[in-house]
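Asker: Take this sequence and fold it.
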Amino acid sequence: MAYREGVEPTEVAVDVERARSGDRAAFARLYERFHRVVHAVILARVGASEASDLVQDAFADAWARVSTLRDAAAFPGWMLQIARNRAVDHLRVRRVTTVADPDDIGIEPPPTTEAARALRAIRALPETYSETLIMRLVEGLDGPEIAARTGMTPGSVRVNLHRGMELLREQLAPSATRAKGSAR
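Answerer: This is a model prediction of the structure:
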């Protein structure tokens, strides 16, 4: 395994190097570490009933192409870009809108009307905020976990969560409150 001199390899980089050599157990560890953020990235674009299959497809793509990844430390961003591309390709093929119907949320029990409305509002936010919010609110990851799995700095995660929550509050606020706030 070739690493830059003086730089201690991370667990992720070690597992990527092992996966490059065909080590399925190493790739399984990468899956365990990253499947929730990949799911969040995909869920930010498609309905939950489709997200699970697309997560599997994204990881199958990654397994097939892991040997082409030049920098093992770049795996988090590379993996998330594969997920984004999978979701976008799926939407192009299916010509599906990114806002799911409440019945499209593949969870039990079915979400309340408020939860479905919140998910639609999150999906309407800029990508950076919607992905980070879904990682936090749907996948249950905390800020340091999001940072570790996305390659973002902890400060960037905090900013994205804060700004995303502010925008989400504006989206979900009753229209009278929004009108009052815009009159300032």
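Asker: Is residue 131 in contact with residue 39, as I believe?
Answerer: No - look at residue 131 against residue 39 with Cβ atoms under 8 Å: they stay out of range, at 10.7 Å. C-beta here means a position set from N, CA and C on the backbone, and glycine is covered the same way.
Asker: and the two? which has more neighbours close in?
Answerer: residue 131 (26 against 21; other Cβ atoms under 10 Å).
Asker: ok, now how distant is the more buried one from residue 40?
Answerer: Noted for residue 131: a distance of 6 Å to residue 40, by Cβ to Cβ, to the nearest Å.
Asker: Ok, residue 166 next?
Answerer: 19 Å.
Asker: okay, these two: which has more neighbours?
Answerer: residue 40 (27 against 11).
Asker: List the buried residues for the host helix or strand of the more buried one?
Answerer: Here residue 40, judged by DSSP states H and E, is contained in helix 24-43. Buried residues in helix 24-43, counted by 16 or more other Cβ atoms under 10 Å: 26-27, 29-31, 33-43.
Asker: Now tell me what touches that helix from outside.
Answerer: Applying Cβ atoms under 8 Å, 6 or more residues apart in numbering, the contact partners of helix 24-43 are 11-12, 14-19, 51-52, 54-55, 58-59, 62-63, 66, 75-76, 79-80, 83-84, 86-87, 131, 134-135, 138-141, 146, 149-150.
Asker: one more time with 7 Å, if that's ok
Answerer: 12, 15-16, 18-19, 51, 54-55, 58-59, 63, 75-76, 79-80, 83-84, 86-87, 131, 134-135, 138-139, 141, 149-150 (Cβ atoms under 7 Å, 6 or more residues apart in numbering).
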